[in-house]
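# whatever this is, show me its structure:
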Amino acid sequence: MAAAHAHLPFRLQDTTREVLGTAVEFDPARLSPTRLATYVLSLPGAERQARRAELIAALEASSARAVRRTNARFGKVACVLDRSWSSSGSSEKCRRPLAVALATSYFVRAAAAEQRAFWTYPTPDELLVDAVGQTDLVTPLLEAMEWKPDLVIIVSDGFDNDPPGTAAEVLAIARARGLCPFALHVNPVFDDVSLGPKPLGAAVSTMGIRDAEDLPTAIAFAEFASGGGTLAELSLALDARVAHFLGARQAAP
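From the prediction side, this is the model:
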């Protein structure tokens, strides 16, 4: 039964435990990092803490598997992650933006030579992260740049409101003075006003993202568009993405 149902998500495992009195076992590494992060964030803080080792191991295994499939390789990366109240998402996609941020942290950590996560409202424990407060991207962004990474990845819905628009100004000044490495803003939210991902400003490329595993493709497109990447590098990234997609389809039941 375990092998036959290895694709079952955590929520179905919980349901079978409630209905049948026993859980159907499955391999959590088969879930994508973003799907797994969505499940983790749906749990009460006390349960996350009680299952800490299990959940962290699952997130790490899932991320490692996604990295192998996408051939993602990064150097020194700073992740600026938005956990403001708006990251709680909508009634249809509860906590989805926050899940993408959490999954990004684990995925990049698995793919990078060195990684640090800089959250709005710093948290000592990522596993217990939740959505809170206004969006202050400037503070974690300045801390990230002070760390001197090769790449800055910003995960946010683009509504920088504490104070409004300051992150875009900081990025523009840093870019003009050559103080900012290559930066990419990935937005997991579709803005119904602009009919696309809301950008932070002209100083940083913005791309819509559905899952953390899409990062290698997003970075390749952004680097190519900015003149920092070659067509050959973009082709390699797209080939890897196609292989990842086909592999996921073949692995599906």
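# quick one: contacts for the most centrally placed residue in the chain?
Relative to the mean C-alpha position of the chain, the nearest C-alpha, by CA atoms, centre = their mean, is the one of residue 104, at 2.4 Å. Contact criterion CB atoms under 8 Å, 6 or more residues apart in numbering gives 79, 81, 153, 155, 186, 212, 215 as the residues in contact with residue 104. For glycine as for every other residue, the C-beta is placed from the backbone atoms N, C-alpha and C.
# ok, for it, nearest residue in space, not its chain neighbours?
Excluding its sequence neighbours, the residue lying closest to residue 104 (CB to CB, 6 or more residues apart in numbering) is residue 212, at 4.4 Å.
# what about the one you found, how many residues nearby?
Residue 212 sits with 27 neighbouring residues when counted by other CB atoms under 10 Å.
# same deal with residue 107?
If you count neighbours by other CB under 10 Å, residue 107 ends up with 33.
# how about it, what does it touch?
Residues counted as contacts of residue 107 (CB under 8 Å, 6+ apart) are 33, 63, 66, 67, 72, 212, 213, 215.
# among the residues you listed, who's most crowded?
Ranked by the number of neighbours (other CB under 10 Å), the contacts of residue 107 place residue 33 first, at 30 neighbours.
# low-confidence regions, the stretch 101-250 of the chain specifically.
For the stretch 101-250 of the chain, applying pLDDT under 70 flags the ranges 192-195, 224-250.
# surely residue 80 is within a strand?
Yes. Under the criterion used here (DSSP: H, G, I helix; E, B strand; the rest coil), residue 80 sits inside a strand.
# list the residues that contact the nearest residue to residue 174 once chain neighbours are set aside.
Take residue 174 and drop its neighbours on the chain: the residue closest to it by CB to CB, 6+ apart is residue 180, 3.6 Å away. Residues touching residue 180, when contacts are defined by CB under 8 Å, 6+ apart, comprise 145, 152, 171, 174, 203.
# select, from these, the two members most distant in space.
The most widely separated members of those are 145 and 203, with 12.5 Å between them, by CB to CB.
# give the buried residues for stretch 138-146.
Taking 16 or more other CB atoms under 10 Å as the neighbour-count basis, stretch 138-146 is seen to contain the buried residues 138, 139, 140, 141, 144, 145.
# correction: stretch 166-181
Applying a neighbour-count criterion of 16+ other CB under 10 Å, the buried positions in stretch 166-181 are 166, 167, 168, 170, 171, 172, 174, 175, 180, 181.
# hey, C-alpha coordinates of that stretch in CSV?
The C-alpha trace of stretch 166-181 is given here as CSV (Å, rounded to 0.1, in the frame of the first residue of the first chain):
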residue,chain,number,x,y,z
THR,A,166,11.1,52.9,-0.5
ALA,A,167,12.5,49.5,-1.6
ALA,A,168,12.4,50.6,-5.2
GLU,A,169,14.3,53.8,-4.4
VAL,A,170,16.9,51.9,-2.4
LEU,A,171,17.4,49.5,-5.3
ALA,A,172,17.7,52.3,-7.8
ILE,A,173,20.3,54.1,-5.8
ALA,A,174,22.3,51.0,-5.1
ARG,A,175,22.2,50.0,-8.8
ALA,A,176,23.3,53.5,-9.9
ARG,A,177,26.3,53.3,-7.5
GLY,A,178,27.2,49.8,-8.4
LEU,A,179,26.5,48.6,-4.8
CYS,A,180,23.8,46.0,-5.7
PRO,A,181,24.5,42.6,-7.2
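# now residue 183, what's its secondary structure?
On the three-state scheme (three-state DSSP), residue 183 is labelled strand.
# residue contacts, it?
The neighbours of residue 183, taking CB under 8 Å, 6+ apart as the test, are 151, 152, 153, 154, 171, 204, 205.
# 10 Å instead?
Each residue near residue 183 by CB atoms under 10 Å, 6 or more residues apart in numbering is listed here: 78, 80, 141, 144-145, 149, 151-154, 171, 174-175, 200, 203-205, 222, 226.
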